[in-house]
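K.L.:
Any chance you can model this:
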Amino acid sequence: MSSKLSLLVNFLPILLHVTGIRSQEEAVDGIQGQVTLTFRNELPEPIELFWEGEKERIVQHHEPIPAHGGEIEVTTYPGHTFSYDFGGERHFEETHENTASTFIKVLLGGKTDIGVKCTTTVHGRNLSGNELSIKVIPWWSPRGASWFLHLVRTGYYDGVALNRIVPGFLSQLGIGANYEKRTEYRNRPIPDDPTPDPPVKFHPGMMSYAGSGPDSRTTEFFIVMPDTPQEQLDYFGRESWETPFGFVEDVEESPVSQWQAYGDMPPNGDGPDPHRIYEEGGYEYLEQNFPKMDYIERCWVEEVEVGTTEEL
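P.N.:
A predicted model of the protein is given here:
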């Protein structure tokens, strides 16, 4: 891991309004500051969520939260504690006094990250099978992290072109090889995430969505390149859509620096025009005009396994 670095939208939430449970209702009497929590399950098995009362645990939904991105919404109050069982252990999620009125908690069974692996070509497609190791950190950007994991799990990034490679700045990718899918997701942006508290500073290898304005994140993301000047590192993250959701491990030794660099997109450079890539013949346009472009071959999630938990 780099010395500078120590995780659905369109998933239908199961809405919950707790009624008729006397002990839980009594617990909120006189408490101000109601909050809405979304619990998103990134574990490999369905999870039952409980409210922790003084004398009993009360289940918070009729069905378990589905695995790999399922979610429920709970209306509660600061100071309440929820729990779930995974890997033979009980895990707790607390609602603190400073919790925002709308908040997302990602269930990871005690882990702090989820690994993603990709294989890519390098040196203008002269070499293939080069492994890229990614750590997705959900608390940095809960919506963004879960959406990225969904896209990986469904194979969206398989075959994706590395279309904007600018040394000392960024590598941008994410315009899908499948025309129907890239068109669908282009018109289905996800909301921005709140700025992490404490804020996360950008370093080489950090990953964030590329956007064009508030709530504009879709499938394109960028990786901060090695040797990016500090002034530029300080500039990343100023926009509301630029919350990092993960990082490339050991980016200096990773395939990132070996990707064919055609330069920035027009009008700032002579690289591929992203608008052309989104068109129906977009990948033919790349093949004809940028024959040495490198590509992601495939990506997969290293799912959390039972018995591999660690303390937060």
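
K.L.:
C-alpha only now, for contacts and for neighbours.
P.N.:
Noted.

K.L.:
OK, contacts around the residue nearest to residue 209 when sequence neighbours are not counted?
P.N.:
Nearest residue to residue 209 in three dimensions, chain neighbours excluded: residue 221, at 3.9 Å (CA to CA, 6 or more residues apart in numbering). Taking CA atoms under 8 Å, 6 or more residues apart in numbering as the criterion, residue 221 is in contact with 172-174, 207-210.

K.L.:
Then residue 190?
P.N.:
9, 143-144, 215-218.

K.L.:
top of those residues by neighbour count?
P.N.:
Compared across the contacts of residue 190, residue 144 has the highest neighbour count, 32 neighbours, by other CA atoms under 10 Å.

K.L.:
tell me what the longest helix belonging to the chain is packed against?
P.N.:
Criterion DSSP state H: the longest helix present in the chain is helix 142-153. With contacts taken as 3 or more CA pairs under 8 Å, 6 or more residues apart in numbering; DSSP states H and E, helix 142-153 sits against strand 102-107, strand 296-302.

K.L.:
Pick out the shakiest of those strands, pLDDT-wise.
P.N.:
Ranked by mean pLDDT, the helices and strands packed on helix 142-153 bottom out at strand 102-107, which scores a mean of 85.

K.L.:
Run through who's touching that strand.
P.N.:
35-43, 93, 138-139, 142-143.

K.L.:
Please enumerate the helices of the protein.
P.N.:
Using DSSP H, the helices of the chain run over 22-27, 142-153, 179-186, 230-235, 274-278, 282-289.

K.L.:
So which bits of the shortest one are buried?
P.N.:
The one in question is helix 274-278. Within helix 274-278, the residues that qualify as buried are 277-278, counting by 16 or more other CA atoms under 10 Å.

K.L.:
avg pLDDT for it?
P.N.:
The pLDDT scores in helix 274-278 average 98.

K.L.:
same question, stretch 259-270
P.N.:
Here the average pLDDT along stretch 259-270 is 96.

K.L.:
Could you list the buried residues of it?
P.N.:
259-265.

K.L.:
before we move on, back to that, any chance of a markdown table for the helices of the chain, columns distance to residue 72?
P.N.:
Formatted as a markdown table, those follow (distance: least, CA to CA, whole Å):
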| stretch | distance to residue 72 |
| --- | --- |
| helix 22-27 | 18 |
| helix 142-153 | 14 |
| helix 179-186 | 23 |
| helix 230-235 | 35 |
| helix 274-278 | 34 |
| helix 282-289 | 38 |
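
K.L.:
what sits against the closest residue to residue 232 other than its chain neighbours?
P.N.:
Among residues not flanking residue 232 along the chain, residue 169 sits closest, at 7.6 Å (CA to CA, 6+ apart). Contacts for residue 169 (CA under 8 Å, 6+ apart) come out as 224-229, 232.

K.L.:
The residues you listed in strands, which ones?
P.N.:
residue 224 (DSSP state E).

K.L.:
which of the contacts of residue 169 lies closest to residue 238?
P.N.:
residue 232 (10.8 Å; CA to CA).

K.L.:
Please report how far that closest one lies from residue 269.
P.N.:
From residue 232 across to residue 269, the span is 18 Å (CA to CA, to the nearest Å).

K.L.:
Hmm, residue 60 is touching residue 52, no?
P.N.:
No - using CA atoms under 8 Å, residue 60 is not in contact with residue 52, being 10.2 Å away.

K.L.:
hmm, which of the contacts of residue 169 are the buried ones?
P.N.:
Buried among the contacts of residue 169 by 16+ other CA under 10 Å: 224-226, 228.

K.L.:
Dump those residues to CSV, plus distance to residue 184.
P.N.:
Formatted as CSV, these follow (distance: CA to CA, whole Å):
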residue, distance to residue 184
224, 27
225, 29
226, 33
228, 33
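
K.L.:
Which of the residues you listed lies at the shortest distance from residue 275?
P.N.:
For the buried ones among the contacts of residue 169, the nearest to residue 275 is residue 224 (22.2 Å; CA to CA).

K.L.:
Surely the closest one and residue 210 touch.
P.N.:
No - using CA under 8 Å, residue 224 is not in contact with residue 210; the gap is 11.5 Å.
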